[in-house]
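In: Give the three-dimensional model of this entry:
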Amino acid sequence: MQKFEEKKFNLPKLKGISEKTIEEHLKLYAGYVKNTNTVLEKENPKLGFEFDGMRNHEYYFSALENGPRDLKEDNELKKKIEKDFRIFNEWLEKFKNMAITRGIGWAMLYYDKKTDQLLNAWVDEHHIGQLATCEIIVALDMWEHAFVADYKPSGKKDYINDFFDNLNWSVVEQNFANATK
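Out: Residues are numbered from 1 along each chain as shown. Have a look, this model is predicted:
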């Protein structure tokens, strides 16, 4: 069976998220890649947890690569968000409110090709709550390791705001373009 390889990410200095947090977070991601390969060799039932942990982090880190980029006004993703959620800022507020949820997990924006709609969803851990057949467009890691060292537990809201300030929307736009092909 083909082994999965750890991806390398070109991450600049980020607003609010320290280099030390990123370094530790990337080590955790490397562990998911290693554990996914180990689980596949042993046919262990933890594949969903390890594999989704690996993939979710790839979406997360990819969207932070090469520095922040604004969402283009005339982009298909922005048009789709406004069609499905009426106003971009209304979607963003709903997404951020979902992300502030108590507990660990992921705040996700998915695209469902079957119904041609964008969906916000909370994913517990890595694998509980993933929307089958939907494509990930935005993945926001809400596990403590992603923010507590820099923001403390009470700083979740600041972390979420900084994530969006650091977001490279061109990567997110490409996720959407790939999902709608």
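In: Only C-alpha atoms from now on, for both contacts and neighbour counts.
Out: Fine.
In: residues near residue 57, how many?
Out: Residue 57 has 22 neighbouring residues, counting by other C-alpha atoms under 10 Å.
In: Okay, and it sits in which element?
Out: helix 47-62 (DSSP states H and E).
In: Just list what that helix packs against, helices and strands only.
Out: Here helix 47-62 touches helix 19-42, strand 135-141, going by 3 or more C-alpha pairs under 8 Å, 6 or more residues apart in numbering; DSSP states H and E.
In: repeat that for 10 Å
Out: Applying 3 or more C-alpha pairs under 10 Å, 6 or more residues apart in numbering; DSSP states H and E, one finds that helix 47-62 contacts helix 19-42, strand 105-112, strand 135-141, helix 169-179.
In: Quick check: which helices or strands does the longest one pack against?
Out: Of the remaining helices and strands, those touching helix 19-42 by 3+ C-alpha pairs under 10 Å, 6+ apart are helix 47-62, helix 148-151.
In: by how many degrees do the very next helix or strand once past the last one and helix 47-62 diverge?
Out: Read in the C-terminal direction, the helix or strand following helix 148-151 is helix 156-166, with elements assigned using DSSP H and E. Counting by axes from the mean of the first three to the mean of the last three C-alpha atoms, to 10 degrees, helix 156-166 points 60 degrees away from the direction of helix 47-62.
In: want to throw the helices and strands packed on helix 47-62 into a markdown table with mean neighbour count, mean pLDDT and distance to residue 64?
Out: Shown next, in a markdown table, are those (neighbours: other C-alpha atoms under 10 Å; pLDDT from 0 to 100; distance: least, C-alpha to C-alpha, whole Å):
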| stretch | mean neighbour count | mean pLDDT | distance to residue 64 |
| --- | --- | --- | --- |
| helix 19-42 | 16 | 96 | 11 |
| strand 105-112 | 22 | 98 | 15 |
| strand 135-141 | 24 | 98 | 11 |
| helix 169-179 | 18 | 98 | 8 |
